[in-house]
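# turn this into a structure:
(6 chains)
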4 protein chains.
Amino acid sequence: MGVIDSGGAAKSASGKMQGEKPGIILDAALELFRQYGYRRTSMEDIAGAANVAKGTLYIYFKSKDELFEALARRLAEQVGLNVREVLARDLPFEDKVLAVLDAKIGFAFRLVLSSPHAAELTAPTSQLPDDVFGPVDQELRASLAGLFRDAVKRGDVDLKAAGLTPEGAVDTLLAAAHGAEFGAKSEDDFHDRLTRIGRLTLRGLRADL
Amino acid sequence: MGVIDSGGAAKSASGKMQGEKPGIILDAALELFRQYGYRRTSMEDIAGAANVAKGTLYIYFKSKDELFEALARRLAEQVGLNVREVLARDLPFEDKVLAVLDAKIGFAFRLVLSSPHAAELTAPTSQLPDDVFGPVDQELRASLAGLFRDAVKRGDVDLKAAGLTPEGAVDTLLAAAHGAEFGAKSEDDFHDRLTRIGRLTLRGLRADL
Amino acid sequence: MGVIDSGGAAKSASGKMQGEKPGIILDAALELFRQYGYRRTSMEDIAGAANVAKGTLYIYFKSKDELFEALARRLAEQVGLNVREVLARDLPFEDKVLAVLDAKIGFAFRLVLSSPHAAELTAPTSQLPDDVFGPVDQELRASLAGLFRDAVKRGDVDLKAAGLTPEGAVDTLLAAAHGAEFGAKSEDDFHDRLTRIGRLTLRGLRADL
Amino acid sequence: MGVIDSGGAAKSASGKMQGEKPGIILDAALELFRQYGYRRTSMEDIAGAANVAKGTLYIYFKSKDELFEALARRLAEQVGLNVREVLARDLPFEDKVLAVLDAKIGFAFRLVLSSPHAAELTAPTSQLPDDVFGPVDQELRASLAGLFRDAVKRGDVDLKAAGLTPEGAVDTLLAAAHGAEFGAKSEDDFHDRLTRIGRLTLRGLRADL
DNA sequence: CATGAATGAGACTTCATTCAT
DNA sequence: TATGAATGAAGTCTCATTCAT
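Below you'll find the model as predicted:
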């Protein structure tokens, strides 16, 4: 039912598994947050959807905000895995860059941003601590910068003409790519935008023009 | 105090002015929403900041959500004025496009998006009615498309090479430009990003490469 | 529009008449109280229906409760007039008694009790001062007792057999008659009940049985 | 403290008893409603009187109106029990009829109608759903009609002379009896009226006159 | 670990009443 | 007199969190 499952822990004969409760709770929470938004989803709702008592939520998560943070953390982990998997693939430069963008931004879009309550879910209370998405982001940026460096060496890309360092190019590309989320009506719509933005940006960096 | 004043109605000697209350209230609300977010700002807080009684808020706005909508509507109006003003200026193509982007996205950034609670402020309850920002957006897109058509005629821009229509180019450009908001730490940071994204995108559309 | 008009003060050429405002306000209030009940009718509503400003209500009535009391007082006056008019008619005993009951209880029913909010209108805040309906009631009771005395003299009625004084008979008759209000679905229904109750009660007092 | 206790569940040593809370709350509410009326009694007041927190009220009753309805429903149940108990007794016709009237109307009077705020308590917001008192009322009417039929068979009562069916007689009797509530100053006063009205009405139906 | 009844601060909203114009 | 903007006490209801079992 959810966009993504909780990780597929094997179940014992009794159907229960020590330690799977938090995952079940987070699955239920994500589902409800996507449907009703953060504010309109009560702890009671989450408990109900996860088939546990309200008090149980507080055994695993100190507060509603912390539950949300755990959700974000899990998402960040999944994004990290995705990105690493794509980077390991053998793909042409442009395809790989686009695939990486999709692995990060597209994944997040499908899980969270496609919800009508995306805005609220980006961070219900002020900002999420940087250590949630920061590490994944740094890793991603470093990898993309490496791809750009290789492309420059190969002569496919000319950053000098655009007056950018590899890191600057990555930063600009990522920022632009994030713009794909705005006003995307569906996943396909989002994907089209992301591709167009990525292509157009990369085109501005091409050496062969 | 606010990022922008409420319209600058001249005050009479008594310090009162017919019809200025809603503006004062919205100013106070914007200030607080930016500081504490929508949820954490109570109607009581707004009333206090606007130096009126709680009940007074309900004379001008039916509910908290409607107050927020009025705020958004006022912002949209201001954006519309800004954009029109920029379009009327005599500027080179690229400068004008960048100026238009700044007039829209930059203005919104300064007023709302630079807040740590930007996400929540985009739309506290699900989505704002399309009629708030829709008209301004349409107008903006049509104007930009016109600029692109002129540039194509002059031979400055080659959309065919990028496989885009003027509207498609505008859509992609705007989407990419919106990405500047992500992770911008300051207004200058934001402006840099916006410029870099705009330049790089336009570079991908140049005919002279 | 109302069940009863405010007294039919002649209007001057300008359509206004000094001193008619209170009547207009009470008319509007009665109409609204009947429709929405006392609590659900705000002073604002009354002012609007009477085409005056809210503040104007407080010129004529100190408070909402006092406005209600004035309404009750006016109704009591009208009931008094009605009853006196019926008493002055030349009618057979039973017909006259029934007519008197209708003049009092029926009149009130049409004005107030037929409303779905009758319960609330009987006295929105605790009890109305006795001096509102008390005098009318005393007058009515005295008159009815007189009618009974005459009937006893004529030999039409035998109170001794029922063990009642004229006043006791009147009291019982009036109490029973008030029961007609309970669960009456329409004015006709109410009138039928009132008649049946009156007839049956009087039948129990007849000398000729 | 209350006019009637909540059902008298035995308390365990700890003073707690599963499921007794709603009863305690209703007891407290009835007490306050009788003293101050529905409007003037706040949920906070009820909570205080029941020694629970405000939120607890909402665990058992969705809203203030629903709490009131539950109160009415409980009263209706008690009336039903009372009436059935009286009907089961072996009593002469007139005594039984009077006892039934007292079991219904008298009981309600003692619980609610004797309050100075009785009017408001009959139904704070428009009308209570018919299914609250309707069933009890139907049962009562059917039983009384049966009593009348038996009395007619025995020759004690002559409905034909009064032009009434058993149901019509019951309807008229009940309506008249309800009139006893009006202006009753005390329970004794009320009881006297009820008896006089009942006697007089039944007298009008006697066959032996 | 698990439960869910209980809590109570806090939010939004209404509206009778006042008062400067 | 008349107005209606402004007030603020009071009310209903929600819900994150706690804790005895």
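
# counting neighbours, what do you get for the residue of chain A found nearest DNA strand E?
Proximity to DNA strand E, evaluated over chain A using Cβ to the nearest atom of the strand, is greatest for residue A:55 at 1.8 Å. Using the backbone N, CA and C atoms, a C-beta is placed for each residue, glycine as well. Applying other Cβ atoms under 10 Å in any protein chain shown, we find 9 residues neighbouring residue A:55.

# distance of it from residue D:52?
19 Å (Cβ to Cβ, to the nearest Å).

# same check on residue A:185?
49 Å.

# for these two, indicate the residue with more neighbours.
Between residue A:185 and residue D:52, counted using other Cβ under 10 Å, the more crowded position is residue D:52 (17 against 8).

# look up phi and psi at that one.
Backbone torsions of residue D:52, given as degrees, to the nearest 10, read phi -130, psi 170.

# can I assume it is in contact with residue D:20?
No - at 11.4 Å, residue D:52 and residue D:20 do not qualify as touching, with contact defined as Cβ atoms under 8 Å.

# the residue positioned nearest the centre of chain A: what secondary structure?
For chain A, residue A:108 is the residue whose C-alpha lies nearest the centre (Cα atoms, centre = their mean; 3.1 Å). Assigned by DSSP: H, G, I helix; E, B strand; the rest coil, the conformation of residue A:108 is helix.

# isn't it right up against residue A:75?
Yes - between residue A:108 and residue A:75 there is a contact at 6.9 Å, judged by Cβ under 8 Å.

# checking the residue of chain A closest to DNA strand E next. Helix, strand or coil?
Residue A:55 is classified as helix under three-state DSSP.

# against residue A:43, how distant is it?
10 Å.

# quickly list what's touching both of the two.
Here residue A:55 and residue A:43 have no joint contacts, going by Cβ atoms under 8 Å, 6 or more residues apart in numbering or on different chains.

# what sits closest to the residue in chain A that chain D sits nearest to if chain neighbours are left out?
Closest residue of chain A to chain D, Cβ to the nearest Cβ: residue A:44 (11.3 Å). Excluding the flanking residues, the one nearest residue A:44 by Cβ to Cβ, 6 or more residues apart in numbering or on different chains is residue A:54, at 5.7 Å.

# same deal with residue A:144?
residue A:170 (4.5 Å).

# re earlier: correct me, but the residue of chain A closest to chain D touches residue A:55?
No - the criterion here is Cβ under 8 Å, and residue A:44 misses it with residue A:55 at 10.9 Å.

# for residue A:43, grab phi and psi.
The phi/psi pair for residue A:43 (degrees, to the nearest 10) reads phi -60, psi -30.

# neighbours around it, how many?
Residue A:43: 16 neighbours (other Cβ under 10 Å).

# state the pLDDT value of it.
On pLDDT, residue A:43 comes in at 97.

# after the helix or strand of chain A with the lowest mean pLDDT, next one along is what?
Using mean pLDDT, DSSP states H and E, the weakest-scoring helix or strand in chain A turns out to be helix A:118-122, at a mean of 68. Downstream of helix A:118-122, the first helix or strand assigned by DSSP states H and E is helix A:130-154.

# elements contacting the helix or strand following that following helix?
Moving toward the C-terminus from helix A:130-154, the next helix or strand (DSSP H and E) is helix A:159-162. Judged by 3 or more Cβ pairs under 8 Å, 6 or more residues apart in numbering or on different chains; DSSP states H and E, the packing partners of helix A:159-162 are helix A:166-178, helix B:187-203.

# ok now the longest one, how far from the chain's centre?
On the basis of Cα atoms, centre = their mean, to the nearest Å, the separation between the geometric centre of helix B:187-203 and that of its chain is 16 Å.

# so it versus helix B:130-154, what angle?
If you take axes from the mean of the first three to the mean of the last three Cα atoms, to 10 degrees, helix B:187-203 sits at 50 degrees to helix B:130-154.

# what about helix B:187-203 and chain A, touching?
Yes - interface with chain A: helix B:187-203 contributes B:193, B:196, B:197, B:199, B:200, B:201, B:202, B:203 (Cβ under 8 Å from any Cβ of the partner chain).

# give me every residue that touches the fourth one.
Residue B:199 makes contact with A:162, B:94, B:98, according to Cβ under 8 Å, 6+ apart.

# which among those gets closest to residue C:136?
residue B:98 (84.5 Å; Cβ to Cβ).

# may I see the buried residues of stretch A:138-147?
A:140, A:141, A:143, A:144, A:145, A:147 (16 or more other Cβ atoms under 10 Å in any protein chain shown).

# likewise stretch A:187-205?
Applying 16+ other Cβ under 10 Å to stretch A:187-205 flags A:190-205 as buried.

# go on, stretch A:159-166?
A:159, A:162, A:164, A:166.

# ok, residues contacting it?
With contacts defined as Cβ under 8 Å, 6+ apart, stretch A:159-166 is touched by A:145-146, A:148-149, A:152, A:168-169, A:172, A:204-205, A:207, B:196, B:199-200, B:203.

# just flag the most distant two among these.
So, the contacts of stretch A:159-166 by Cβ to Cβ: farthest apart are A:146 and B:199, at 23.8 Å.

# before we move on, the earlier item: pick out the lowest-pLDDT one from the contacts of residue B:199.
The model is least sure about residue A:162 among the contacts of residue B:199, giving it 89.

# domain parsing for chain A?
Using automatic domain parsing, the domains assigned to chain A come out as A:1-61, A:71-203.

# ranking the ones you listed by burial, who's on top?
domain A:71-203 (a mean of 18; mean count of other Cβ atoms under 10 Å in any protein chain shown).
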